[in-house]
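A.B. asks: I'd like to go over a predicted model; first the sequence, then the structure.
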Amino acid sequence: MKQNAERLYVAAEKQRIKMNDKHYIDYNGKRIYYTLTRTKRKTIGIIIDRNGEVKIHAPYRASNSQISEVVRKKADWIERKVNEVKAKNSLSISRQFVSGEKILYLGEEYTLKIAEKPSGNPEVLVRDGVAAVYILPGLSGEDRKQAVKEALIKWYRQRFSEIVSKRVEKYSIRLKAAPCRVVIKDQKTIWGSCSKKGNINLNWKLVMAPVEIIDYVIVHELCHLKVMNHSKEFWNLVASVLPNCRESRKWLKANGYRLAL
């Protein structure tokens, strides 16, 4: 009876509460805005995403006043983290897609070299520290930049798809958990995700990171096929496959802004 009552309560709360709701608190003469998501979790969690937005995940039973109090107590930490993210984002390079610029591939820097080819599709050749991008002649200004960018994105996605295919298979065997589908996406704020249907999404920009970072995100999402939360059980499972997962996680938080085009 108690379990049935709990289920009915949660169902009612889902109907009553918007799953993603914008809130704010006033703190030191400023407002801290945050998005509130209600879940089955037992505690209130705070996440600062890659855009510097504050996201709160709270239990269905937690009142708005309880959540606001937690945000207020963590306000100094939130402000510091938001400022850190914004500072990192401000370092992002505005690319011109011209010869001499630096790009990343599997954690290594390569020098862009833009060249023209008389016919055929644009292509990218990477060798000896140089990423040569061949485009059609006669392009200038924004059209030339766009052609270079599109050629790089296509090449990055192809390489990433090849890398992911092998590494997902490798770690699926180790974890005895295989996804239904693996989808390569262009995601702005997350590196990977796992759906309840058993599908895994991965951000192609990870191909700019070292292989061990790609492995971390893949293993992270594969572990969600077994544990759909970030509990101690989940992190122990990740660490059982990748003992250095904490270092990889820190690297991604510190350097994620560099994985951009």
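C.D. replies: Received it, and whenever you're ready, just let me know what you need.

A.B. asks: got a list of what the closest residue in space to residue 239 that isn't next to it in sequence touches?
C.D. replies: Nearest non-adjacent residue to residue 239, counting by Cβ to Cβ, 6 or more residues apart in numbering: residue 245, 5.4 Å away. For glycine as for every other residue, the C-beta is placed from the backbone atoms N, C-alpha and C. Taking Cβ atoms under 8 Å, 6 or more residues apart in numbering, we find residue 245 in contact with 216, 219-220, 235, 238-239.

A.B. asks: Let me know the pLDDT of residue 245.
C.D. replies: On pLDDT, residue 245 comes in at 95.

A.B. asks: Now do the SS call for residue 56.
C.D. replies: Classification of residue 56 using DSSP: H, G, I helix; E, B strand; the rest coil returns strand.

A.B. asks: Strands along the stretch 151-261 of the chain, start to end?
C.D. replies: 181-185, 192-194, 199-203 (DSSP state E, counting those that start in this stretch).

A.B. asks: looking at those, which is buried most?
C.D. replies: Neighbour counts (mean count of other Cβ atoms under 10 Å) averaged over each of these peak at strand 199-203, with a mean of 20.

A.B. asks: between that strand and strand 181-185, how many degrees?
C.D. replies: Note on geometry: by axes from the mean of the first three to the mean of the last three Cα atoms, to 10 degrees, strand 199-203 and strand 181-185 are set 20 degrees apart in direction.

A.B. asks: From the contacts of residue 245, keep the buried residues only.
C.D. replies: Using 16 or more other Cβ atoms under 10 Å as the burial test, these include 216, 219-220, 235, 238 as buried.

A.B. asks: In JSON lines, list those residues along with distance to residue 139 and pLDDT.
C.D. replies: Formatted as JSON lines, the buried ones among the contacts of residue 245 follow (distance: Cβ to Cβ, whole Å; pLDDT from 0 to 100):
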{"residue": "216", "distance to residue 139": "38", "pLDDT": "97"}
{"residue": "219", "distance to residue 139": "41", "pLDDT": "97"}
{"residue": "220", "distance to residue 139": "40", "pLDDT": "96"}
{"residue": "235", "distance to residue 139": "49", "pLDDT": "95"}
{"residue": "238", "distance to residue 139": "46", "pLDDT": "96"}
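
A.B. asks: closest to residue 175 among those?
C.D. replies: Lowest distance from residue 175 to these (Cβ to Cβ) belongs to residue 219, with 7.5 Å.

A.B. asks: so what's the closest one up against?
C.D. replies: The contact partners of residue 219, by Cβ under 8 Å, 6+ apart, come to 171, 175, 238, 241-242, 245.

A.B. asks: can you map out the helices along the protein?
C.D. replies: Here the chain has its helices, by DSSP state H, at 2-16, 64-73, 75-90, 141-175, 211-223, 232-241, 245-255.

A.B. asks: for the ones you listed, which one ends up most surrounded?
C.D. replies: Most buried of the helices of the chain, by mean neighbour count (mean count of other Cβ under 10 Å): helix 211-223, with a mean of 22.

A.B. asks: pull the helix or strand with minimum mean pLDDT from this protein.
C.D. replies: helix 2-16 (a mean of 51; mean pLDDT, DSSP states H and E).

A.B. asks: Isn't residue 49 up against residue 189?
C.D. replies: Yes: assessed by Cβ atoms under 8 Å, residue 49 is found in contact with residue 189 at 5.0 Å.

A.B. asks: more crowded one of those two?
C.D. replies: Per other Cβ atoms under 10 Å, whichever of residue 49 and residue 189 has more neighbours is residue 49, with 14 against 11.
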